[in-house]
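Student: Mind looking at a prediction? Sequence and model below.
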Amino acid sequence: MCQWCSSLAFVGSRRDLDGEDYPREEKERGRDKRQRSALLVLGIALFAAAAFYFALIVATRVDRFFLPGNEINLPGLSSLPGVDSGQPEAGTIEDRINFLVMGLDRKVDEPKEDPSRTDTMFVVTVDPYSKTAGVFSIPRDLWVEIPDGQGGYFKQRINVAYEYGPLRSYPGGGPGLAKATIEHNFGIKIDYYVVLDFIGFMKLVDAVGGIDVNVKDVVWDPSYCNTTDCSDLKEVYFEPGLQHMDGEMALQYVRVRHGSDDLKRIERQQDVIRATVDAALSAQLLIPNRAVSIYNKFRDAVDTDVSAFKVPGLALLAHDIPPESITTISLASAVQGGYAGDAAVLFPVWDRIEVLKAQLFLDPQLRSEAAFVEVQNGTQTPGLATSLMNYLARQGLPEAHLTVGDATDGIYHEQTLIYDLAGKPHTVKKLAAWLGLPSSRVLEVRPDTTPSPLPTSTADIVVVLGADARIPETTVKVTATITPGGEATGVTSSTVAPRPSPDLTSEASPSPSPTGPTPPPPTPIPTPTGEPPLSPVPKPSPTPMPTPTREPPLSPVPKPSPSPMPTP
């Protein structure tokens, strides 16, 4: 037999002995190859899943940056670790977006490079989740502390902060110092700034097709001008009633100071803001693509640190906020006129400003429930209900919705109770949280579950203070004082708290209240003291809160005079 035939016979006999069609080595190599392929497919699948999960985490977090208030909502996936859980019903103060808007007092023929003072300044705060906003207008003559860039402060009108920024080489220039001044004095963190001069303002109003403003009072200036040499001097006059204004007319309307003060100008400015928002919504200018076009068109007329990447998201957010959800706050009731040297200025009454600021940042659910709250004193400690009312006002509850009185059941209360008489669950929950009370202290008054005894009141909610009541502390600033000669002694910072509740087992007189004179000692009988109900104070009002303030209210003071300060 030939050698080839012998070899073939040997291979054939080996296959017959193994009972297989292929050699064992080849079979094992095939098995290893299939195992490696399966592992490769599994690795690719795991990598794809990990990449998707990472992209999901990034997308649900970056969308807050580009689309505030309109974030991606993925039901069922928000519980995964690292994935944003979605939007709350309302944002906290930290969630809000705050813009500092400034209008420069720069004539149309002045170079843009020249430092300018601000003619208008207000903070716009936006809650991206509840789709609400607020406007906090600040008078240009407000006497405040301005950072000096060296760790200290100097006192001046707030409208010089923007001007002093470049002059003192402050980081960020004029906008940087203006933002720092707002944050230091008002405790409001500024996220972005927007600066308009006269020309930019007129262009903006013209871009929305003009605005319709309801003029409340006659506005007249016989010698109005927009140039440094007043070569454009003319008379401007606005009659009461609805008027359509182009950019030039709107600028005249907000700038006129003849026959009015800075606070009146702020009211007109707020009217123009609302009219501009209405016009922008009507013209569909807040649709993202159109907003970007407007942004690019007027980029040279507006100075801002809002990047072009954020404009579509912010425009979409602004489009979702109805005009009726915009709250405007004026400091008219929180300032006192006087003199700093020879300059007429407005001195801030900081405890009043804290109240107004709290109203600006008030929880939207509290605002919508608009509950009337009566605080009743069920102890023998005088002034306890008033102290809580002051605290609630500093949390932003409208003063017109707050009143105090004695417990109507005529008995001494060991425990503090909250009665919900009108179904205001969110307000009741907040009150309990502020007072540190468990849910068992909240009593819902319903026809089928009426607790006894029931306090008598026409309010929506009644808080009956018991011996365990503890009024939370708040931090406010001390009001600037004015000497009889007209010199301001400055604005100083201090921590002030509502009068703490005294030890109710002690017969000693309660400690003096920082919001008023020392109250009389309590009577030894365990019945509520005669704390008369206080009438709510209408808002706005130049008078202090309906309870005694920490110090006597400041009154406008004439130029230095040996005569005593006049009575308001």
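Tutor: The structure has been received and is ready for your questions.
Student: what about the helices in the stretch 151-300 of the chain?
Tutor: Under the criterion DSSP state H, counting those that start in this stretch, the stretch 151-300 of the chain contains helices at 161-167, 173-186, 198-207, 247-255, 262-282, 288-297.
Student: For those helices, give me JSON lines that also has distance to residue 214.
Tutor: For the C-beta atoms, the positions are set from N, CA and C on the backbone; glycine is no exception. Shown next, in JSON lines, are the helices of the stretch 151-300 of the chain (distance: least, Cβ to Cβ, whole Å):
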{"stretch": "helix 161-167", "distance to residue 214": "31"}
{"stretch": "helix 173-186", "distance to residue 214": "29"}
{"stretch": "helix 198-207", "distance to residue 214": "16"}
{"stretch": "helix 247-255", "distance to residue 214": "11"}
{"stretch": "helix 262-282", "distance to residue 214": "7"}
{"stretch": "helix 288-297", "distance to residue 214": "25"}
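Student: nearest to residue 123, of the ones you listed?
Tutor: Taking Cβ to Cβ, helix 173-186 is the member of the helices of the stretch 151-300 of the chain nearest to residue 123, at 6.6 Å.
Student: Can you show me the CA trace of that closest one as PDB?
Tutor: C-alpha atoms of helix 173-186 as PDB (Å, rounded to 0.1, in the frame of the first residue of the first chain):
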ATOM      1  CA  GLY A 173     -16.000  96.700  37.500                       C
ATOM      2  CA  GLY A 174     -19.300  98.500  37.800                       C
ATOM      3  CA  PRO A 175     -21.500  95.400  37.700                       C
ATOM      4  CA  GLY A 176     -19.300  93.500  40.100                       C
ATOM      5  CA  LEU A 177     -19.500  96.300  42.800                       C
ATOM      6  CA  ALA A 178     -23.200  96.800  42.200                       C
ATOM      7  CA  LYS A 179     -23.800  93.000  42.700                       C
ATOM      8  CA  ALA A 180     -21.600  93.000  45.800                       C
ATOM      9  CA  THR A 181     -23.500  96.000  47.300                       C
ATOM     10  CA  ILE A 182     -26.900  94.300  46.800                       C
ATOM     11  CA  GLU A 183     -25.700  91.000  48.300                       C
ATOM     12  CA  HIS A 184     -24.000  92.800  51.300                       C
ATOM     13  CA  ASN A 185     -27.000  95.000  52.200                       C
ATOM     14  CA  PHE A 186     -30.000  92.900  51.300                       C
END
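Student: weakest of the helices of the stretch 151-300 of the chain by average pLDDT?
Tutor: Between the helices of the stretch 151-300 of the chain, the one with the least mean pLDDT is helix 288-297; it has a mean of 77.
Student: Packing partners of that helix?
Tutor: Contact here means 3 or more Cβ pairs under 8 Å, 6 or more residues apart in numbering; DSSP states H and E; on that basis helix 288-297 packs against helix 311-319.
Student: and the helix it packs on, C-alpha only, in CSV?
Tutor: What follows is helix 311-319, C-alpha atoms only, in CSV (Å, rounded to 0.1, in the frame of the first residue of the first chain):
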residue,chain,number,x,y,z
VAL,A,311,-31.1,82.7,26.4
PRO,A,312,-33.4,80.0,24.9
GLY,A,313,-34.0,78.4,28.2
LEU,A,314,-34.5,81.6,30.1
ALA,A,315,-36.8,82.9,27.4
LEU,A,316,-38.9,79.7,27.6
LEU,A,317,-39.1,80.2,31.4
ALA,A,318,-40.2,83.8,31.0
HIS,A,319,-42.8,82.8,28.5
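Student: Going along the chain from that helix, find the next helix or strand for me.
Tutor: Downstream of helix 311-319, the next assigned helix or strand under DSSP states H and E is strand 326-329.
Student: which helices and strands sit right next to that following strand?
Tutor: In terms of contacts (3+ Cβ pairs under 8 Å, 6+ apart), strand 326-329 is packed against strand 132-137, helix 262-282, helix 350-360.
Student: mind checking how far the closest residue to residue 290 other than its chain neighbours is from residue 208?
Tutor: Residue nearest to residue 290 in three dimensions, not counting chain neighbours: residue 284, with 6.4 Å by Cβ to Cβ, 6 or more residues apart in numbering. From residue 284 across to residue 208, the span is 10 Å (Cβ to Cβ, to the nearest Å).
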